[in-house]
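Enquirer: need coordinates for the following:
(chains A and B)
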Number of protein chains: 2
Amino acid sequence: MKHRPIKASILTQNLSHNLFKVKKMTNLTPTWAVVKANAYGHGLKPALKAFQDSEGIALLDMEHATLARELGWIGRVLLLEGIFTEDDLDDVVNLSCEIVIHHEQQVTWLIQWLGRQSLQNVNQFLTNCPIWLKLNSGMNRLGFKSAQYGVSYEILKQMGCTVHHLTHFANADDLQVLPSVKDQWEIFSKATQYAEGLKSAANSAAIIGHFFTHADMTRPGIMLYGASPSGKYEDIAHLGLKAGMNLRSEIIALQELQAGDTVGYGSQYQAKKNTKIAVIACGYADGYPRSAPNDTPVWIGKTGHILEGQIAPLVGRVSMDMMMVDVSNVSYAQIGSPVELWGELNPIDNVAFPAKTVGYELMCGLANRVKQEIL
Amino acid sequence: MKHRPIKASILTQNLSHNLFKVKKMTNLTPTWAVVKANAYGHGLKPALKAFQDSEGIALLDMEHATLARELGWIGRVLLLEGIFTEDDLDDVVNLSCEIVIHHEQQVTWLIQWLGRQSLQNVNQFLTNCPIWLKLNSGMNRLGFKSAQYGVSYEILKQMGCTVHHLTHFANADDLQVLPSVKDQWEIFSKATQYAEGLKSAANSAAIIGHFFTHADMTRPGIMLYGASPSGKYEDIAHLGLKAGMNLRSEIIALQELQAGDTVGYGSQYQAKKNTKIAVIACGYADGYPRSAPNDTPVWIGKTGHILEGQIAPLVGRVSMDMMMVDVSNVSYAQIGSPVELWGELNPIDNVAFPAKTVGYELMCGLANRVKQEIL
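Expert: Predicted coordinates for the structure are as follows:
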């Protein structure tokens, strides 16, 4: 049975390939493969398979940490935002997670929780659940400022915790904006200079562009899924990363426009000459960005042979379930022709960029109604 | 267990209330309640309950038509894009659906399919599965142009089908753009003037603004979910529609900025004075738009009393799992304070509009990882 033809294929081998590239680029520095947000929309299950050579995975939701253990993940698990309540620590210890601590409230919860545990539980926590203390080195999102960082470090050490060190860069993908990676790295180095423990700072952009930040563990995210941290495909084209997902559909209708005819809601596109328009079974309720303007690239393949195809321009406003493409120059376009919205033939960054967003948002926004197959 | 605190509540009573408003506004004209895209993100199950007084529901996916019947929906079901393959007609007849026919290919599939059915199946189709022939009256997305419309109508009538008439407006929410509703309505009236059958044309915007289009069945969509067809809350504020969904979360961290400090990726927001920043557990991987700029409204409530609250401005770029809000003027803001991203206290249109999109996209884009409760 076929029904509505849109489908996403998760390319497990490509995900593995991308991890291999990260490892090569960082001289085998241990990695936290970031699999939050359901592995950036790719699904936790294929991601765990693809990233089995990573020392650890990093995510947010306790549900997904639980699922990872149920799926047999025996490597390290880092909760990137740590605990949201004191009771979350029950799960942390049961699942042997490592946790970020980014705020005094979390230290308080930990002290209170340890105070009401059995000795066995306390020991289990201290042995199996290292803490990654997060420094706010200039992003001003999560983390302690330097002065408070040292205080929290001392408290946690006195409690017997293993404490590692973590920070996050605001502008690793853009050299023009302050604070720079170098600024933040210096603050991080200074705040941690007399402390024991491992250090982790590098996200994808820093892995690619700032080798001095690789430290003890990197945290690759977007690059594992084959998209660019900066949002520009040119910035990663030379790295040999591969798309983690193909989003494909089909042409479901054709329209012949005459010069002057308009297309879609708001009649935003007007044909300058006679134009053949293809209607594609994909809209913003599938996760394609409504903000994609005229000329956003769409790959149109030959029926039965998607690899034989070409790029054609989006025209008119993307609607909830459909979008229109000018196929005047695609002689073979017909009902049933396969289409790639993004993937191996049509990099996701080249869709995200004209739509004024980043590949991250598109991957994560893939709708539940789009059937997924794991390859 | 609490974990990450973001949650969406589906407000079934409000959805029912909105249908009642539509009925009142249209003198009880029969409705196709549009529940495609998983009821615009609200879930098919609560939508069916909320819209039980609607004569029919309209959607796209055969899976959801099947689910609606399984959930006990005995009213009419319209497949808004009709069939995607010839075999889809097996399901159409089994589920007693009505189908849009918008393209000659679909007529061909129907002829072929009928030719290989038992007499019983043919009778069942002709009796239980009326066709809604779709006219392209100027939107140039789906539908026959007028000349071909008449031909297809005659073919379908000769086959013994019940044929009704349907078209869709491109600019019902904007009087400044051509083709106008009046232009399209005239083309529709002319193309169907000698034909038998019912007529349906009015989407939400036409229900609200163009009474002459109400015809035999209306097709309310976005207004059932309490948002504005035009994307501007002012355009529906007088109608008494209610939000279909509350998206709520909590403050998970606070930061004290000094004048000159920047916030978030790209350091897009710079504090002009000492500023208290709250970090909210909601990001674009939850479905909040990354394009939301500084000053997008966020409702901050008192702990335990979300109704006692006020609007505060978003600052900095929305990240995957978090966003930041300036709470300098919200004295009670603390870790755990409840927050409404959109809903009854903070209309979704007021978030969508500054983010340069529409409530439709936000509702449909609600991520799977956000837990839903049905109220």
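
Enquirer: list phi and psi for A:T12.
Expert: Here is the backbone geometry of A:T12 (degrees, to the nearest 10): phi -60, psi -40.

Enquirer: hang on, it packs against A:I374?
Expert: Yes. Using Cβ atoms under 8 Å, A:T12 is in contact with A:I374, at 6.3 Å. To be clear about C-beta, it is placed using only N, CA and C from the backbone, and glycine gets the same treatment.

Enquirer: A:A352 is in contact with A:M363, isn't it?
Expert: No. When contacts are counted by Cβ under 8 Å, A:A352 is not listed as touching A:M363 (9.2 Å).

Enquirer: any shared contact partners between these two?
Expert: Common neighbours of A:A352 and A:M363, using Cβ atoms under 8 Å, 6 or more residues apart in numbering or on different chains, are A:A227.

Enquirer: between A:T12 and A:I374, which contacts overlap?
Expert: A:P46.

Enquirer: comparing these two, which residue is more hemmed in?
Expert: A:T12 (19 against 14; other Cβ atoms under 10 Å in any protein chain shown).

Enquirer: quick one: residues contacting that one.
Expert: The neighbourhood of A:T12, defined by Cβ under 8 Å, 6+ apart, consists of A:46, A:49-50, A:374-375.

Enquirer: again, only using 10 Å
Expert: A:42-43, A:45-47, A:49-51, A:244, A:374-375 (Cβ atoms under 10 Å, 6 or more residues apart in numbering or on different chains).

Enquirer: in chain A, which strand is the longest?
Expert: strand A:245-257 (DSSP state E).

Enquirer: helix, strand or coil for the nearest residue in space to A:G283 that is not next to it in sequence?
Expert: Closest residue in space to A:G283, ignoring its immediate chain neighbours: A:D321 at 4.1 Å, by Cβ to Cβ, 6 or more residues apart in numbering or on different chains. Recorded secondary structure, A:D321: coil (DSSP: H, G, I helix; E, B strand; the rest coil).

Enquirer: list phi and psi for A:D321.
Expert: Dihedral angles for A:D321 - degrees, to the nearest 10 - are phi -130, psi 0.

Enquirer: correct me if wrong: it contacts B:A58.
Expert: No. In this structure A:D321 lies outside contact range of B:A58 using Cβ atoms under 10 Å: 11.5 Å.

Enquirer: what about the helices in the stretch 101-250 of chain A?
Expert: Assigned by DSSP state H, counting those that start in this stretch, the helices in the stretch 101-250 of chain A fall at A:104-115, A:119-128, A:146-158, A:181-191, A:204-209.

Enquirer: and the fourth one, what does it pack onto?
Expert: Going back to what we said before, that points to helix A:181-191. strand A:131-135, helix A:146-158, strand A:163-167, strand A:199-200, helix A:204-209 (3 or more Cβ pairs under 10 Å, 6 or more residues apart in numbering or on different chains; DSSP states H and E).

Enquirer: quick check, distance from it to the centre of its chain.
Expert: Chain-centre distance of helix A:181-191: 25 Å, with Cα atoms, centre = their mean, to the nearest Å.

Enquirer: the inter-axis angle of it versus strand A:131-135?
Expert: 120 degrees (axes from the mean of the first three to the mean of the last three Cα atoms, to 10 degrees).

Enquirer: okay, and the beta partners of the residue nearest to A:G343 when sequence neighbours are not counted?
Expert: Distance criterion Cβ to Cβ, 6+ apart; nearest residue to A:G343, sequence neighbours excluded, is A:N246 at 3.2 Å. Beta-bridge pairing of A:N246 under DSSP bridges involves A:S9.

Enquirer: A:N246 and B:E256: what is the separation?
Expert: 46 Å (Cβ to Cβ, to the nearest Å).

Enquirer: of those two, give the one with the bigger neighbour count.
Expert: Legend: neighbour count by other Cβ under 10 Å for A:N246 and B:E256, higher for A:N246 (23 against 13).

Enquirer: and the more buried one, how far from chain B?
Expert: 19 Å (Cβ to the nearest Cβ, to the nearest Å).

Enquirer: next up, the contacts around that residue.
Expert: A:7-11, A:14, A:299, A:306, A:340-346, A:348, A:373, A:375.

Enquirer: what subset of those is buried?
Expert: Buried positions within the contacts of A:N246, assessed by neighbour count (16 or more other Cβ atoms under 10 Å in any protein chain shown), are A:8-11, A:14, A:299, A:306, A:340-346, A:348.

Enquirer: stretch A:157-165: which residues count as buried?
Expert: A:157, A:159, A:161-165.

Enquirer: for whichever helix or strand comes after the longest strand of chain A, what is the distance to the chain centroid?
Expert: From strand A:245-257 onward toward the C-terminus, using DSSP states H and E, the following helix or strand is strand A:262-263. Distance of strand A:262-263 from its chain centroid, counting by Cα atoms, centre = their mean, is 35 Å.

Enquirer: what's in contact with strand A:262-263?
Expert: So strand A:262-263 is contacted by A:255, A:257, A:268-271, A:275, A:277, A:279, A:294, A:315-317, A:324, A:326, B:138-141, B:170-171, B:177-179 (Cβ under 10 Å, 6+ apart).
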